[in-house]
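Chemist: here is my input, please return the structure:
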Amino acid sequence: MHVCILTLDFLPFRSSGLTIYAESVVEGLAARGHTVTVVTSYRSNYVQIKENKLPDNVSVIRLPIGRADWIGFGWQAARYLRSRDIKYDIIHFADIHFGYAYYGSFIGSAFQSFRQRLTSYYGRPYHINSLDYLFRLIYYNGARWIMEQPSLRRATHIIMSSYTTQQEFIKYYHLNPKRTTVIYPGINLSRFEKLPDKTESRRRLGLPSDIPILLCVGFFTPRKGVEYLAQALTRLKTPAYLVMVGKWNKNYLEIFLRALGDTRSRARVVGYVSDLDLPLYYSAADVFVLPTLLEGFGIPLVEAMASGLPVITTTGGAASEVVGNAGIVVKPCDSDALARAIDLVLNDPDLAHQLREMGKFRANNLFCQHRFISDLESLYYSFLNKS
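Modeler: Residues are numbered from 1 along each chain as shown. The predicted structure is shown next:
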């Protein structure tokens, strides 16, 4: 097959978990011998990560999008597809919303809806301040009706990242279930199979060796709710050290630091780390915590389970579905509940061991890349047979 994957970012640029999803799709399809064309944006102002050499059967087309971000990308991607005589067997938008301007046959992946973004914080959009709230209210409502609805109507088939996401679109957008298929995203878990010793990892990272370590990984925006994790740190009965790994919204970082209060000395903000170094942080930690308000999937949850970490998360979006019975789940925006859950895991070795074993099993059986690509390939062939 010749597959065209359209994604806002691609190596050597990486802005979110969606980029990692696209990387996994491309890597998996190329390994199975398919020809893959990646249509993506050019981000001259983005920090580049180390780029692995792409296989010969993968080519990358970069489009200028200006300041319009994903909206500009969707428009330029549609123009590109209309202007080329190349016949792709499959056109796959990595996020369904990117397909709003394209009128041909395509498959799109769905992770979360704009309705969810509008209601995830006590029935309102998550935000930093009143001005940010007003912006998100206008932006999310506009995107829901101008881009989201057309994308859903025009997509030939939609890949749902979870059953939670599938039910969201069926219930609130009246989407025909027959036009959807749930395929859990998969990642290369081999990086987390043979981790260094915890003591050695802490030494190499310069982390304390005499206190339990909590780990949180992600792209930290108001959607991640990490100020509640900071508050939980101040309320723990068992002192712990918190490590935050990932990029930040600058203004949101200030909110997080204020929420730490007197416990700021027991927290470290690391920032972005490379794929090579990331497993060290999972190895060094005792518990993984993701206090998200809304999660379309949550790749760090899978990485943590594969690394053998007990996981604590929330009912925000698909997070609780991803961890299943292999983690402890609390309501979003509840720092007291987070603190109780953390204390419980830190003080119950049997529970922590049980969660570690169940998490490893769940990650390797539901979220491995081989299973993901196999399911995706089967859907592609089914799509072609119906065309």
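Chemist: where do the strands sit along the stretch 101-250 of the chain?
Modeler: 107-110, 157-160, 180-182, 213-217, 241-245 (DSSP state E, counting those that start in this stretch).
Chemist: strands paired with the third one, and their directions?
Modeler: I take that to be strand 180-182. Using DSSP bridges, the strands paired with strand 180-182 in its sheet are strand 157-160 (parallel).
Chemist: let me have the strands of the stretch 101-250 of the chain in a markdown table, adding mean pLDDT as columns.
Modeler: Formatted as a markdown table, those follow (pLDDT from 0 to 100):
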| stretch | mean pLDDT |
| --- | --- |
| strand 107-110 | 98 |
| strand 157-160 | 98 |
| strand 180-182 | 97 |
| strand 213-217 | 98 |
| strand 241-245 | 97 |
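Chemist: export the ones you listed as CSV, with columns for mean neighbour count.
Modeler: Using the backbone N, CA and C atoms, a C-beta is placed for each residue, glycine as well. Formatted as CSV, the strands of the stretch 101-250 of the chain follow (neighbours: other Cβ atoms under 10 Å):
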stretch, mean neighbour count
strand 107-110, 25
strand 157-160, 22
strand 180-182, 17
strand 213-217, 25
strand 241-245, 22
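Chemist: now render the ones you listed as TSV, adding distance to L81.
Modeler: Formatted as TSV, the strands of the stretch 101-250 of the chain follow (distance: least, Cβ to Cβ, whole Å):
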stretch	distance to L81
strand 107-110	13
strand 157-160	17
strand 180-182	23
strand 213-217	35
strand 241-245	37
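Chemist: among the ones you listed, which is nearest A337?
Modeler: strand 213-217 (14.9 Å; Cβ to Cβ).
Chemist: and the angle from the closest one to strand 241-245?
Modeler: 20 degrees (axes from the mean of the first three to the mean of the last three Cα atoms, to 10 degrees).
Chemist: contacts for strand 213-217?
Modeler: 202, 207, 226, 229, 233, 240-246, 278, 281-282, 284-291, 300, 303-304, 309, 342 (Cβ atoms under 8 Å, 6 or more residues apart in numbering).
Chemist: please, where are all the helices along the stretch 251-387 of the chain?
Modeler: 278-284, 299-306, 319-323, 335-347, 349-366, 369-386 (DSSP state H, counting those that start in this stretch).
Chemist: out of the ones you listed, which gets the lowest mean score?
Modeler: Of all the helices of the stretch 251-387 of the chain, the minimum mean pLDDT falls on helix 369-386 (a mean of 93).
Chemist: show residues contacting that helix.
Modeler: 1, 3, 24-25, 27-29, 31-32, 34, 89-90, 107, 156-157, 159, 181, 183-189, 365.
Chemist: weed out the non-buried ones from these.
Modeler: Burial by neighbour count, 16 or more other Cβ atoms under 10 Å: within the contacts of helix 369-386 this picks out 3, 24-25, 27-29, 34, 90, 107, 157, 159, 181, 183-189.
Chemist: filter those residues down to the ones in helices?
Modeler: 24-25, 27-29 (DSSP state H).
Chemist: which of those residues sit farthest apart?
Modeler: Farthest pair in those, by Cβ to Cβ: S24 and L29, 9.5 Å.
Chemist: tell me which of the helices of the stretch 251-387 of the chain approaches L175 most closely.
Modeler: helix 369-386 (16.6 Å).
Chemist: just the CA coordinates for the closest one, please, in PDB.
Modeler: C-alpha atoms of helix 369-386 as PDB (Å, rounded to 0.1, in the frame of the first residue of the first chain):
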ATOM      1  CA  GLN A 369       3.100  -1.400  18.600                       C
ATOM      2  CA  HIS A 370       2.900  -4.700  16.800                       C
ATOM      3  CA  ARG A 371      -0.700  -5.200  17.800                       C
ATOM      4  CA  PHE A 372      -1.500  -1.600  16.900                       C
ATOM      5  CA  ILE A 373      -0.100  -1.800  13.400                       C
ATOM      6  CA  SER A 374      -1.600  -5.200  12.800                       C
ATOM      7  CA  ASP A 375      -5.100  -3.800  13.600                       C
ATOM      8  CA  LEU A 376      -4.500  -0.600  11.600                       C
ATOM      9  CA  GLU A 377      -3.300  -2.600   8.600                       C
ATOM     10  CA  SER A 378      -6.400  -4.800   8.700                       C
ATOM     11  CA  LEU A 379      -8.600  -1.700   8.800                       C
ATOM     12  CA  TYR A 380      -6.800  -0.200   5.800                       C
ATOM     13  CA  TYR A 381      -7.300  -3.400   3.800                       C
ATOM     14  CA  SER A 382     -11.000  -3.600   4.800                       C
ATOM     15  CA  PHE A 383     -11.300   0.100   3.700                       C
ATOM     16  CA  LEU A 384      -9.700  -0.700   0.300                       C
ATOM     17  CA  ASN A 385     -11.900  -3.700  -0.300                       C
ATOM     18  CA  LYS A 386     -15.000  -1.500   0.200                       C
END
